[in-house]
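S.K.: Quick one, fold the following:
(one chain, ligands or ions: 1)
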Amino acid sequence: MEKKIIRLVVDVQVDFVTGALHNDYAIPVVPHIVEFVKEGAEKGYTMVFTKDTHKKETYASTLEGATIPPHCIEHTEGWEIVPELKPYTKDEKSIVITKETFAANWAKIFENKTIYALFSNADEIQVAGFVASICVASQLLTLRGWFPNKKIVLYSNLTADLSPEEYASALSVAKSCQIEIENY
Ligand SMILES: [Zn+2]
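M.R.: As a prediction, the model looks like this:
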């Protein structure tokens, strides 16, 4: 039987690549994520895209707002998924999740029984996106909590961080939590 695969694409939004939190480590990774998404869509996998989403009025009063410059303000250009990927978010099998901080509110998302069934029945969750030590790590560890026995893969060449040290530590923590680190 064919494997049921979910491809989770974390925060590949303009602000994390060329926008407000411009990241030279992320820019060269984007074309590879596009390949990953294109292939996933062609194979009929469930594609899940997260979007970091902040409100202009309240961002400054959040914990993130205390240390991280404003980014991904709802309905701004920087909030959008990068243009190369955006068409795929409209596919029938794509799910777009907005999240107000590092980790998405998976408890709330899984109140949707269809989405919960897709995740719980998946043979494998394959993860890409930005940035490794913050939002990618937050999804990985939260999903590991929800699905302790599931194969979860982080593609090391489909993620990036703000420094080589942070990138290495993110991969190390993921590996310790039995996330498989693979090359796409
Ligand atoms: Zn944010």
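S.K.: so His54 makes contact with Glu100?
M.R.: Yes: contact criterion CB atoms under 8 Å: His54 and Glu100 qualify, at 7.1 Å. For every residue, glycine as well, the C-beta is placed using N, CA and C.
S.K.: Show me which of the two is the more surrounded one.
M.R.: Comparing His54 with Glu100 by other CB atoms under 10 Å, the one with more neighbours is His54, at 24 against 17.
S.K.: give me phi/psi at the more buried one?
M.R.: The phi and psi torsions at His54 (degrees, to the nearest 10) take the values phi -120, psi 150.
S.K.: Spit out the contact partners of the residue nearest to Glu74 when sequence neighbours are not counted.
M.R.: Across the structure, with CB to CB, 6 or more residues apart in numbering as the measure, the residue nearest Glu74 apart from its sequence neighbours is Thr53 (5.3 Å). When contacts are counted by CB atoms under 8 Å, 6 or more residues apart in numbering, Thr53 is found next to Cys72, Glu74, Trp79, Thr98, Lys99, Glu100.
S.K.: same check, this time on Ile68
M.R.: Contacts for Ile68 were tallied using CB under 8 Å, 6+ apart; they are Leu21.
S.K.: Ok, Leu162 next?
M.R.: Leu162 sits in contact with Asn23, Tyr25, Val131, Ser133, where contact means CB under 8 Å, 6+ apart.
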